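Colleague: Got a predicted model here, sequence first, then my questions.
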Amino acid sequence: MRTPFQLLGLFLLAAGISGCIDHLAYQPIMGLFLNVFNRFVIPRIDVLAGYELFANLVVAVVGAVVLIAASQVRKA
């Protein structure tokens with residue numbers, strides 16, 4: 001059961017970093033797949049208007065937390 005959470009964490013981490021890069025400069029590498037949050041989800045949330053870079057950093061941090069938690073499950 002650990003592997004789906006690791007994949008989710010890895011995707012969130014990559015999507016958050018890619019969204020930050022895309023917000024600062026154009027991201028040509030797997031942009032459509034990795035920038036789903038940056039291009040479709042974040043603009044639809046009015047509270048995040050003006051805080052897109054911060055929101056992408058939060059997505060990356062949540063991905064890192066999920067990765068760490070998934071790796072700790074096996075050790076416990």
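Modeller: Arrived safely, thanks for sending. Residues are numbered from 1 along each chain as shown.
Colleague: residues of the host helix or strand of residue 33 that come out buried?
Modeller: According to DSSP states H and E, residue 33 maps onto helix 31-34. For helix 31-34, burial by neighbour count (16 or more other CB atoms under 10 Å) applies to 31, 34. For glycine as for every other residue, the C-beta is placed from the backbone atoms N, C-alpha and C.
Colleague: So what touches it?
Modeller: Applying CB atoms under 8 Å, 6 or more residues apart in numbering, the contact partners of helix 31-34 are 14-15, 18-19, 22, 27.
Colleague: what do you get if the cut-off is 6 Å, keeping everything else the same?
Modeller: If you take CB atoms under 6 Å, 6 or more residues apart in numbering as the criterion, helix 31-34 is touched by 14-15, 18.
Colleague: where does this protein dip in pLDDT?
Modeller: Applying pLDDT under 70 to the chain flags residues 1-2, 27, 74-76.
Colleague: Show me the helices in it, by range?
Modeller: Under the criterion DSSP state H, the chain contains helices at 2-24, 31-34, 36, 52-75.
Colleague: For the longest one, buried residues please.
Modeller: It refers to helix 52-75. In helix 52-75, counting by 16+ other CB under 10 Å, buried: 52, 55-57, 59-60, 63-64, 66-67, 70.
Colleague: out of these, which one sits closest to residue 36?
Modeller: If you rank the buried residues of helix 52-75 by distance to residue 36 using CB to CB, residue 59 comes first, at 10.2 Å.
Colleague: Which residue is the nearest non-sequential neighbour of the closest one?
Modeller: Spatial nearest neighbour of residue 59, chain neighbours left out: residue 16 (3.6 Å); criterion: CB to CB, 6 or more residues apart in numbering.
Colleague: And that neighbour, how far from residue 10?
Modeller: Distance from residue 16 to residue 10, counting by CB to CB, to the nearest Å: 11 Å.
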